[in-house]
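Asks: Show me how the following folds:
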Amino acid sequence: MAAGDFIAIMDADDISMPNRLELQIQALYKYKADIVFSTQSEFYDRSNIFAGYKSCPRYHEDILKKIIFRNLLPDPSIFAKSQVLKKNPYELVKFGSDHKLFLKLALDGCKFYCIQKPLIKVRITYDQRQRRGGGIRQISEDIKLRLWMKRNNLINFTQFLLYSFVFIIFRIIPPSFKDFNYKYILR
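Replies: Numbers count the residues shown, from 1 in each chain. You can find the predicted model right below:
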């Protein structure tokens, strides 16, 4: 529904740095990107204590190599040309809508760039990390996403099996292991 030339995404409970939009507009033109985002700083909900960073490669080619495995674009820091998102809107699915959108944008030839400085602070809660555990419904959505990726030649059959296996294991491990994984491995 946005009518302007650009769209900046952010959740209501996150904190945007004062120069976020200025830096993203500059990067959009300097790197001839369609979507610019940044790394994100994370803080714990109740204590406002630093929880870590979500990092991502800087350049388009490096982002494309990693995005097939997992969604590494911090959605709350997205800044995009509005026509890009109008052409490829979010699909209303319970799990994986962000990842699928960014994969569709990559297939459509959109160019990504990541500013290597957190321009957004994201609130992290233990409940949020537990919800990512998923159960059967989320495992089913993960597999559907991987099948879509295979049909669109983003991954081959071996990658489909490997990625599906890894995500099934991730969905069923206890929350404490997930929390450790988010803090020290995925971030």
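
Asks: First-to-last residue distance for stretch 40-60?
Replies: Its start and end residues considered, stretch 40-60 measures 18 Å (CA to CA, to the nearest Å).

Asks: Let me see the mean pLDDT of that stretch.
Replies: Averaging pLDDT along stretch 40-60 gives 76.

Asks: Please apply the same query to stretch 141-155.
Replies: pLDDT averaged over stretch 141-155 gives 88.

Asks: Name the residues of it that are buried.
Replies: For stretch 141-155, the neighbour count (16 or more other CB atoms under 10 Å) marks 141-142, 145-146, 149-150, 154-155 as buried. In this view, the C-beta of every residue, glycine as well, is placed from N, C-alpha and C.

Asks: again, but for stretch 57-73
Replies: Within stretch 57-73, the residues scored as buried using 16+ other CB under 10 Å are 57, 60, 63, 67, 71-73.

Asks: what about that stretch, start to end distance?
Replies: 9 Å.

Asks: Check stretch 8-21 too.
Replies: 8 Å.

Asks: Pull the distance from that stretch to the chain's centre.
Replies: For stretch 8-21, the separation from the chain centroid amounts to 15 Å (computed by CA atoms, centre = their mean, to the nearest Å).

Asks: got the contact list for that stretch?
Replies: Residues outside stretch 8-21 that contact it (CB atoms under 8 Å, 6 or more residues apart in numbering): 24, 38, 75-80, 118-123.

Asks: which of these tops the neighbour count?
Replies: Among the contacts of stretch 8-21, residue 77 has the most neighbours (other CB atoms under 10 Å), with 28 neighbours.

Asks: For stretch 5-25, what is the distance to the chain centroid?
Replies: Worked out by CA atoms, centre = their mean, stretch 5-25 lies 15 Å from the chain centre.

Asks: Strands - which of the contacts of stretch 8-21 land there?
Replies: Under the assignment DSSP state E, these contribute 38, 79-80, 118-123 to strands.

Asks: Widest-spaced pair of those residues?
Replies: Taking CB to CB as the measure, the ones in strands among the contacts of stretch 8-21 span a maximum distance of 22.4 Å, between 80 and 123.

Asks: where do the strands sit along the protein?
Replies: Shown for the chain, the strands assigned by DSSP E span residues 6-8, 15-16, 35-44, 50-54, 79-81, 112-124.

Asks: can I get these in JSON lines with distance to residue 98?
Replies: Below are the strands of the chain laid out as JSON lines (distance: least, CB to CB, whole Å):
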{"stretch": "strand 6-8", "distance to residue 98": "14"}
{"stretch": "strand 15-16", "distance to residue 98": "18"}
{"stretch": "strand 35-44", "distance to residue 98": "11"}
{"stretch": "strand 50-54", "distance to residue 98": "13"}
{"stretch": "strand 79-81", "distance to residue 98": "13"}
{"stretch": "strand 112-124", "distance to residue 98": "13"}
